[in-house]
Each structure stands twice: as C-alpha cells, then as structure tokens.
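In: no sequence on this one, just coordinates:
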C-alpha cells in the first residue's frame, strides 16, 4: 500500500511539473521589453513597424526581449534568450517586421529560449 501511494505521489509531481514548463514553439514579432508596452496598446501594425535599429539601441537591448503573439500576448525571454535575440537581430538584414519563431520551454509568460529564427 505504501509503495502504491509513493508511486501515485511521484506520478502526480511529474504531471504537475509537466504542466509548469512545456516545450513550445512560439511565433510572433520580436520586440524589446522597453517598447513592448506601447506597441501592445497600438496593435500588430505597430509591432510590424518596430525597427531592428530600435530593438538594438542600448536602452532597448538592456531591457530584454520577447515576442508579441498574434493573440496580443507578450512572452518574455530568459537571460540566455535575450542574448540569442541580440545575436539574431545583429545577423539579420531585416529593417522591421521582425517575425520570429522561438523554440524553448514556456512557463507562464516566460520562455527559456533554445533557439530564435527570424522569418
């Protein structure tokens, strides 16, 4: 009976952990956090018009990054993801409309970024 209870508790913890952090591919527009609040109020057109040059400005880069999804949610990156975002932005020749696919483990409104691909 005790071993069955332990197994049940272990299974419950595993299920709980899986619900907290899930593998995810998130698509949206790559934005810096500094500009994201204003852009979210203005909508997807403003997000598409946000420039790579702005996202790379020192204050914007320092604020961190995330993606604005089509349903209007902003998913923030972890610290490693912020570094990957800077690398992706510097490598890109796009001026604006920074659509991206982000792969990683999402927990709530944050994603632990494994990769970023600008589309």
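Out: Perfect, thanks for sending it. For clarity, every value in this text was computed on a predicted model and none was experimentally measured. Numbering: from 1, shown residues only.
In: now do the strands in the chain.
Out: 22-32, 65-68, 74-77, 99-107, 110-118 (DSSP state E).
In: to residue 57, which of the ones you listed lies closest?
Out: strand 22-32 (8.1 Å; Cβ to Cβ). Where C-beta positions appear, they are placed from N, C-alpha and C, glycine not excepted.
In: now the closest one: buried residues?
Out: 26, 28-32 (16 or more other Cβ atoms under 10 Å).
In: check stretch 40-50 too.
Out: Quick answer for stretch 40-50 (16+ other Cβ under 10 Å): 40, 46-47, 50.
In: which one in these is the model shakiest on?
Out: Within the buried residues of stretch 40-50, residue 40 has the lowest pLDDT, namely 94.
In: that residue contacts residue 71, correct?
Out: No: using Cβ atoms under 8 Å as the test, residue 40 is too far from residue 71 to be in contact (11.4 Å).
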